[in-house]
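*Asks:* just a sequence and a predicted model for now, questions to come.
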Amino acid sequence: MKKQLVHIKGTKEGLVLRLDDQCAYADLVEELSHKVSEGSIDGIVDVQLHLGNRYLSNEQQVELINIVENSGSMQVAKLHSDVIPIIESNEKLITEQYDTYVGIVRSGQVLKSAGDIIVIGDVNPNGQVEAVGNIYVLGNLRGIVHAGIEGNRDAIVAASQFKPTHVLIADSIEIMSNESPVVQNSSEQLFAYLNRDGIISYERLQEVRKIRPFFNKVKGGS
Amino acid sequence: MGEAIVITSGKGGVGKTTTTANLGTALALQGKKVCLVDTDIGLRNLDLVLGLDNRIIYDLVDVINGRCKVHQALVRDKRVDEKLFLLPAAQTTDKNAVTPEQMKSLIDELKREYDYVLIDCPAGIEQGYKNAVAGADRAIVVTTPEISAVRDADRIIGLLEKEAIEPPKLIINRIRKDLMKNGDTMDITEITTHLSIDLLGIIIDNEEVISSSNKGEPIVMDPNNKASLGYRNIARRILGESVPLMTLEDQQKGMFKKLISIFSK
Ligand SMILES: Nc1ncnc2c1ncn2[C@@H]1O[C@H](COP(=O)(O)OP(=O)(O)O)[C@@H](O)[C@H]1O
Ligand SMILES: [Mg+2]
């Protein structure tokens, strides 16, 4: 008997299509088209495609999704593969890394990080910190900060004493002046983030868990 | 082997030259052999403040270009018996006439003869600054309580921290008690926390500093002046003594006299 290339399984969240990761891509496409046209389902069900150890290009991903959705009764909720290219993996490693800088970022100095950065010390006026990810200052922030410098709009800037002259997040900029009374008069630890309208906003540090819950990587705390 | 100390600031007009002249004189009065080097090529004036301008024959660029020996270019200050010498800056040449390597070997040569070599640095962060810092073992940063001066001091400290020298020390010059009290200038604690470096001493703003400079006689020669006392205290701290920071209050307000405690080493 010929080996089955597409396994269908029903779960609480809908259907899971487990696709063989050893066969030729063309064979997989053929069998998948065949399988999805067979069934007779009422309404539309969510489908997850599990690719195993197969890596698909963007075009191939779109092709498979179209095949499934063209059946008329299925909608692809998720595409899951166990493998990513080395390039992507390296990029992930860099942006997920933390840099720690112990010292003072003085006037005229620029401190850069390819991921998140923690500054243990002050950022003085005219001193500048740039990060692809988030910026945390354990000290007095009175200089210029640019978080998400490559466009990450989820990036935040937090500081023990939050008194920067300029805050930039992704491609938004805010020049802090007396017109920002929230920040001027606050004695609390603050952080800056981009709100849903793409405007730089400020909140108490405690609110990070509500505004950026996905920052949390540690389970527990019991 | 002596020690070379560069006196620098970033911003001009904050008192580098005044500080160099007065600290040099104070150290010489304490019996140390001192050589002052003016590296502000093109804008020399350390000689004027010391009243030695009309005795200059050769200058720093002459020495570096081999037109004379070091000792021929040094001008002796007669007030402090065989203890204080000046190597004047060139007035005519431009500041690119000297390289940091040449400066370093000159300073090294002077360190063999003198206990202290004080290097008066030009304003800015260009070539002149690089030359002045090249031969130094230590650095003193001079600022006034004005924000612009403190900003420039911060910039210079950042650059100095990258050099292979000891962490720089701070002198706050031209302190005006009235302005500081009213919050019209930053106060001493604000400045030292902003810059996060050790405070070497404070000098009050005092008209006699200006008039004595104009007469070519450093204020530190006057034992009764308060700015003079500031310089003498700093000289003693450089020599390793622990001298408490002087109070800003007037003597007659003795009851309210308050010792500022940030300098308690
Ligand atoms: N403590 C002081 N009180 C009053 N005037 C001062 C004081 N220190 C410096 N000055 C004056 O400030 C001016 C600039 O000082 P200077 O030492 O030439 O600065 P720089 O070498 O940093 O350019 C001079 O006129 C000097 O007399
Ligand atoms: Mg000068």
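*Replies:* Yes, it's here. Ligands and ions are numbered 1, 2, ... in the order given.

*Asks:* neighbours of the closest residue to residue A:96 other than its chain neighbours, how many?
*Replies:* Of all residues not flanking residue A:96 in the chain, residue A:115 sits nearest, at 6.1 Å (CB to CB, 6 or more residues apart in numbering or on different chains). Quick note: C-beta positions are derived from backbone N, CA and C, even for glycine. With neighbours defined by other CB atoms under 10 Å in any protein chain shown, the count for residue A:115 comes to 16.

*Asks:* ok, now the one 5 residues further on?
*Replies:* By the measure other CB under 10 Å, the count of residues near residue A:120 is 13.

*Asks:* ok, back up a step: phi and psi next, for the residue nearest to residue A:96.
*Replies:* phi -130, psi -130 (degrees, to the nearest 10).

*Asks:* does it touch residue A:99 like I think?
*Replies:* Yes - between residue A:115 and residue A:99 there is a contact under CB atoms under 8 Å: 6.3 Å.

*Asks:* shared neighbours of the two, anything?
*Replies:* Contact criterion CB atoms under 8 Å, 6 or more residues apart in numbering or on different chains; residues shared by residue A:115 and residue A:99: residue A:131.

*Asks:* domain map for chain A?
*Replies:* Segmentation of chain A into domains, based on automatic domain parsing, reads A:6-80, A:90-215.

*Asks:* show the average pLDDT along the shortest one.
*Replies:* If I follow you right, that is domain A:6-80. Averaged over domain A:6-80, pLDDT sits at 88.

*Asks:* could you report the separation of the residue nearest to residue A:96 from residue A:101?
*Replies:* Plainly put, residue A:115 is 12 Å away from residue A:101 if you go by CB to CB, to the nearest Å.

*Asks:* which residues do the two both contact?
*Replies:* Joint contacts of residue A:115 and residue A:101 (CB under 8 Å, 6+ apart) do not exist.

*Asks:* what is the burial count for the nearest residue to residue B:5 once chain neighbours are set aside?
*Replies:* If the residues on either side of it in the chain are set aside, residue B:5 comes closest to residue B:138, at 4.8 Å by CB to CB, 6+ apart. When counting by other CB under 10 Å, one arrives at 15 neighbours for residue B:138.

*Asks:* who are the contact partners of residue B:138?
*Replies:* Residue B:138 touches B:3, B:4, B:5, B:6, B:165, B:166, B:168, B:169, counting by CB under 8 Å, 6+ apart.

*Asks:* kindly supply the ChimeraX command isolating those of those residues that are buried.
*Replies:* Of the contacts of residue B:138, the buried ones go into a single ChimeraX selection, burial set by 16 or more other CB atoms under 10 Å in any protein chain shown:
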select /B:3,4,5,6,165,168,169
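
*Asks:* and the lengthiest helix in chain A, how far out from the chain's middle?
*Replies:* Criterion DSSP state H: the longest helix present in chain A is helix A:25-38. Counting by CA atoms, centre = their mean, to the nearest Å, helix A:25-38 is centred 33 Å from the centre of its parent chain.

*Asks:* with just CA atoms, put it into CSV.
*Replies:* Extracted in CSV, the C-alpha atoms of helix A:25-38 (Å, rounded to 0.1, in the frame of the first residue of the first chain):
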residue,chain,number,x,y,z
TYR,A,25,6.8,18.6,-2.5
ALA,A,26,4.9,18.0,-5.8
ASP,A,27,3.5,14.7,-4.4
LEU,A,28,2.4,16.4,-1.3
VAL,A,29,0.5,19.1,-3.2
GLU,A,30,-1.2,16.4,-5.3
GLU,A,31,-2.3,14.4,-2.4
LEU,A,32,-3.4,17.4,-0.4
SER,A,33,-5.6,18.7,-3.2
HIS,A,34,-7.1,15.3,-3.5
LYS,A,35,-7.8,14.9,0.2
VAL,A,36,-9.4,18.3,0.8
SER,A,37,-11.8,17.9,-2.1
GLU,A,38,-13.1,14.5,-0.8
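
*Asks:* which helices and strands does that helix pack with?
*Replies:* Helix A:25-38 sits against strand A:6-11, strand A:14-19, helix A:58-69, with contacts defined as 3 or more CB pairs under 8 Å, 6 or more residues apart in numbering or on different chains; DSSP states H and E.

*Asks:* nearest to chain B, out of those?
*Replies:* The minimum distance between chain B and these falls on helix A:58-69, with 45.6 Å, by CB to the nearest CB.

*Asks:* contacts only, for residue B:147.
*Replies:* Applying CB under 8 Å, 6+ apart, the residues contacting residue B:147 are residue B:186.

*Asks:* now the phi/psi pair for it, please.
*Replies:* Taking degrees, to the nearest 10 as the convention, residue B:147 sits at phi -60, psi -40.

*Asks:* alright, calling it a day.
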